[in-house]
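1. okay, here's the prediction I keep looking at, along with the sequence it came from:
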Amino acid sequence: MTEILSVSRLTKSYGKSVVVDKVTFGLRKGEILTLLGHSGCGKSTTLRMIAGLELPDGGAIHLRDKVVASGDGVWVPPEQRNLGLVFQSYAVWPHMTVGENVAYPLDVRGVPRRERRDRVTNICGVVGLGNMIDRPATQLSGGQQQRVALARALVYEPDVLLLDEPFSNLDAKLRDEMRLQLRQIQSRLGTTILYVTHDQAEALALSHRVAVMRNGRIEQLAEPAVIYERPASLFVQEFVGQTVIMDGVVELRQGSIATVRLSDGAMLNVSSDAAVGTAVNVVARPEDIVIAQSPDNCIAAEIVDLAYGGDHFDALIRVSGKHVSIRLEKNSLDALGTQLNLTFPVGKTHIWPM
Amino acid sequence: MANVGRAVVNVAPRRDWPRTVLGVLLVLAVGLVTLGPILVVVAGSFEGNAWSDILFDSPLTREALGTSLILALRAPFAALIGFLIAWLLIRFPIPGRTYLEFGFWLVFFLPLVPLTLGWMLMLDRHDGLLNQAVKLLPFVRESVFDINTISGILWVHMSAASVPVMIILLGPAIRRLDSSFEDAARVCGSAPAGVFRRVTLPLLMTAILTGTVLGFIRGLEAFEVEQLLGAPAKIYVYTTRVYALVNWEPPRFAEAMALSTFVLIFLMAMAYLYQRFTRKSRYATITGSGMSVRQMSIGRARWVISAILFLILFIIGIVPMICLIVGSFMTIFGFFGVEHPYTLKHWQTVLGDRNFLGALYNSVVLGLGAAGFGVLVYAGLAYLVVRSRLVGRGLVEYLAWLPWCVPGILLGVGLLALVLHNPVFRPLYGSLAILIFAIIVSQIPLGVTMMKTAVIQISPELEHASRVSGAGAFTTFRRIVLPLMRPMLISVFILVLIAGLRDISTVLLLSQAGSQPLSVLMLEYAAAGTHEPAAALGIIVASIIVAFALLARLGGLNLTQSR
């Protein structure tokens, strides 16, 4: 697959704080790549440097094999990069109608009037604004404004569509709906998308690949399933999905199996090559934890609270001094007391040196 | 991540020579326009013995300086009275307060010459209406009032300008004061008078001081009232003295410039004080959340206060305007007993004067030209100052503020000298272009300040979206920024238009027979002593200006920011 956008060792600082630190990745044609991280991790700044709204201090950005920005002072203005950008704040121009907003990029490109009208009508239909073309932009709801912003960024078929937390101002239901629509539009038009979000569920559901960022650096760049199941660091594991983290020390190691003594004295086998004596965090995902049938490799736990969830119960369980919420089948509850044993499957439990 | 809290980051390369070159060019351009005339004046003051003439040889000039200072001392009184009226209007349920506010607002916009004329008809030493009335009283044989005195000048200034200006100026500061400060003082046990003295007044003191300094500066810059009332009685102030020196045969430019330089030093010091006050007052009066302007109840006293305020408005606004209107229709003003007391001939004189149509045309071109070009210049400057990363844009901001404390007459002298002594600019002498230029320069501070607030309110992302969509910087400015600033563009357009129609002191020295605007013609009529036709002309000018002010108000420009 060809890389349409490549970012190498991109760096940006404001005063003394380094916001983006040697970020490197490539974007393949037709894929959705997400930059995921907490606010302040540098993901938006990276996006803005790609868009041409910020100048990098170091590194380079290549678009279609051409340098568009670099630390050596190369800087192609945003209007010459043929990118699309959708902001969290929509940035729909209030003095124009929906149609005028969407037609603007075509207008400044000198597209003839008739073709302009056809393309605007077409793209407004795609994003579901077909009947609102003549509506003033100020009379739209948040979701509709976001659709205008999306149509405006798609209408000129940019090489890459940049989306900066586009749905985080919408309510949860609308957000899910828009996410689904975006995926459909993307597969229909084959648009290449660079997506920025702090919402890990959104990142997993939407992307072909995810880059988890922390303190200006990419911590891991991989497919969503890899990010979730084989995280490269404790940070990634904790940030993406639910976890329970317990601390302990490696007591014994036989081959690829390490035995860890948890802080409350319980012993647990995990698959790891950590040296004996290493202080570690033992991390498991709640959905991997199983209620023990046999007493092997299991830890005593206690149900602290039960919440009725309709088809299931959410049990808050205390294990090794930590709390974790586990989903229990309704009918499995009868056989359980408040005390139970939990099994942490060997292959699905990770340990990270402290 | 939303870029909350980060400074506006504009789409422009950071390390780039265009940034420096454009920045330097901009600084030079703005500096040439605002600092240039001042430098011409300062440099010109060193020709010959101008300085020693002023300081030692010309008692008239020294007297003028003294009189200017005495007259400028009205500022603190005007600030206090204006503050009191504004405070009463805003914080108490005064019956008819909407009308009162509107009335003071109108007086604020009325040009000074018609109001001065009105007072001349009322208080003339010989046949002023009030003097005639007083003479009917027993034991009074002679006139009591004389408008052609320092106190006459003071009265006209206080009533027609200083106090209304302060009401308009201090209103917003009073509205911004959170009334919970006062509530807290009441709860702590202070009586209303104590609250006013110990909480309200101290909190608003910076605003009042700011107003005082501003009033002082404007007082030193005032021209037309002093010219109309003072000159006939040989009372000169700084501005009228400069005017006399320039009109001397041959002109005494160097002396006029030395005198101007001297006053400029004063003004700069005042301007520095003003900046310091405004910086401080930001902390003092703007409070954060939960602001509430609550009205205090004062029972029946509100009717008394209302009556007093209506009386004040009647005296300062309606009395001179009635005199003016009646005067324009009387054969000789004040002589009701003559055979044909009422006549239309003054209106016919004015409307039939060939100069009138020419001046009307000049005023229209001057007003529209200055407003049209000015709006674009101010918007562009404000945008560059707020959004660009050009080198030296802080300096541009300072230079753009400079004309704020430069008297119109000084700007006029500077530009006149520039035009007369420089062959390149010589063709501009006596043209409307130089008048338009002068008005644009004089309104730069107001224009740029207002435009800046408009630019700041536009989210940078609206521009970024345009740039990423494929539009260049200039297209983005033209198609996104300017349309979004439209309400402000209209407001500034009308304010500059009004300034162009009203202004006398800036354009007086620059206008020649062919380029005389209506305001200058009006001054000439009034100064010629033919009060009745001058009154007719004054009514015309005042009506035009009030019409535009009303238009601006309808369009949402409300200087008092009423709720």
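-> Received, thanks. Numbering: from 1, shown residues only, chains lettered A, B, ... in the order given.
2. partner strands of the helix or strand where residue A:270 lies, parallel or antiparallel?
-> Residue A:270 belongs to strand A:267-271 when assigned by DSSP states H and E. Here strand A:267-271 is paired, per DSSP bridges, with strand A:257-262 (antiparallel).
3. okay, buried residues for the partner strand please.
-> A:258-260, A:262 (16 or more other CB atoms under 10 Å in any protein chain shown). From N, CA and C alone the C-beta is placed, and that goes for glycine too.
4. go on, stretch B:74-93?
-> Buried residues in stretch B:74-93 (16+ other CB under 10 Å): B:74-75, B:77-83, B:85-92.
5. next up, the contacts around the residue nearest to residue B:542 when sequence neighbours are not counted.
-> Nearest residue to residue B:542 in three dimensions, chain neighbours excluded: residue B:114, at 4.6 Å (CB to CB, 6 or more residues apart in numbering or on different chains). Going by CB atoms under 8 Å, 6 or more residues apart in numbering or on different chains, residue B:114 touches B:320-321, B:324, B:522, B:535, B:538-539, B:541-542.
6. got the residues you listed as a markdown table, with distance to residue B:404, secondary structure and pLDDT columns?
-> Output for the contacts of residue B:114, formatted as a markdown table (distance: CB to CB, whole Å; DSSP: H, G, I helix; E, B strand; the rest coil; pLDDT from 0 to 100):
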| residue | distance to residue B:404 | secondary structure | pLDDT |
| --- | --- | --- | --- |
| B:320 | 29 | helix | 92 |
| B:321 | 30 | helix | 93 |
| B:324 | 31 | helix | 90 |
| B:522 | 26 | helix | 91 |
| B:535 | 33 | helix | 89 |
| B:538 | 28 | helix | 91 |
| B:539 | 31 | helix | 93 |
| B:541 | 25 | helix | 91 |
| B:542 | 26 | helix | 92 |
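7. so how many other residues sit close to residue B:233?
-> Residue B:233 has 15 neighbouring residues, counting by other CB atoms under 10 Å in any protein chain shown.
8. pretty sure it contacts residue B:148?
-> Yes: with contacts counted by CB atoms under 8 Å, residue B:233 reaches residue B:148, the gap being 4.0 Å.
9. hang on, the earlier thing: give me the pLDDT for the residue nearest to residue B:542.
-> What the model reports as pLDDT for residue B:114 is 91.
10. A helix includes it, no?
-> Yes: the assignment for residue B:114 by DSSP: H, G, I helix; E, B strand; the rest coil puts it in a helix.
11. for chain A, see how far away it is.
-> 40 Å (CB to the nearest CB, to the nearest Å).
12. in CSV, list the contacts of residue B:114 along with neighbour count.
-> As requested, these are exported to CSV (neighbours: other CB atoms under 10 Å in any protein chain shown):
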residue, neighbour count
B:320, 27
B:321, 19
B:324, 26
B:522, 28
B:535, 30
B:538, 31
B:539, 20
B:541, 23
B:542, 23
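13. for residue B:273, state which of those residues is nearest.
-> residue B:320 (32.8 Å; CB to CB).
14. and the closest residue to that closest one other than its chain neighbours, what's its pLDDT?
-> Nearest residue to residue B:320 in three dimensions, chain neighbours excluded: residue B:118, at 2.7 Å (CB to CB, 6+ apart). Listed pLDDT for residue B:118 reads 90.
15. count the neighbours of residue B:118 for me.
-> 29.
16. may I see the buried residues of the longest helix along chain A?
-> Longest helix of chain A, by residue count under DSSP state H: helix A:172-189. Within helix A:172-189, the residues that count as buried by 16+ other CB under 10 Å are A:175, A:178-179, A:182, A:185-186.
17. rebuild those as TSV, extending it with distance to chain B and pLDDT.
-> As requested, the buried residues of helix A:172-189 are arranged in TSV below (distance: CB to the nearest CB, whole Å; pLDDT from 0 to 100):
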residue	distance to chain B	pLDDT
A:175	16	87
A:178	18	87
A:179	19	88
A:182	18	90
A:185	18	89
A:186	19	92
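18. where does chain B have low pLDDT?
-> B:1-16, B:54-56, B:279-294, B:555-563 (pLDDT under 70).
19. mind listing the strands for it?
-> Ranges of strands within chain B: none, based on DSSP state E.
20. hmm, back to that, which other residues reach the helix or strand following the longest helix of chain A?
-> Sequence-wise, the next helix or strand downstream of helix A:172-189 (DSSP H and E) is strand A:193-197. With contact meaning CB under 8 Å, 6+ apart, strand A:193-197 is reached by A:5, A:27, A:31-36, A:43-44, A:46-47, A:50, A:160-166, A:168, A:182, A:186, A:203, A:206-207, B:1.
21. got the phi/psi numbers for the closest residue to residue A:352 other than its chain neighbours?
-> Among residues not flanking residue A:352 along the chain, residue A:234 sits closest, at 4.1 Å (CB to CB, 6+ apart). Residue A:234 adopts backbone torsions of phi -60, psi -40, taken as degrees, to the nearest 10.
22. then residue B:92?
-> phi -130, psi 150.
23. surely it meets residue B:306?
-> No: the pair residue B:92 / residue B:306 is not scored as a contact, 9.2 Å apart, by CB under 8 Å.
24. thinking again about what came up before, max pairwise distance over the buried residues of helix A:172-189: which two?
-> Farthest pair in the buried residues of helix A:172-189, by CB to CB: A:175 and A:186, 16.3 Å.
25. now, among the contacts of residue B:114, which is nearest to residue A:198?
-> residue B:542 (61.4 Å).
26. need the residues of the stretch 101-250 of chain A near chain B, please.
-> With CB under 8 Å from any CB of the partner chain as the criterion, the stretch 101-250 of chain A meets chain B at residues A:104-105, A:108-109, A:149, A:152-153, A:156, A:162, A:165, A:196, A:198.
27. and the buried ones among those residues, selectable in PyMOL?
-> Entered in PyMOL, the line below selects the buried ones among those, by 16+ other CB under 10 Å:
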select buried, chain A and resi 104+105+108+149+152+153+156+162+165+196+198
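28. just the ones of the residues of the stretch 101-250 of chain A next to chain B in strands?
-> A:162, A:196.
29. Throw the residues of the stretch 101-250 of chain A next to chain B into TSV and include pLDDT, thanks.
-> Compiled in TSV, these are given as follows (pLDDT from 0 to 100):
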residue	pLDDT
A:104	94
A:105	94
A:108	92
A:109	92
A:149	93
A:152	94
A:153	93
A:156	92
A:162	95
A:165	91
A:196	95
A:198	93
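30. fine, thanks again, bye for now.
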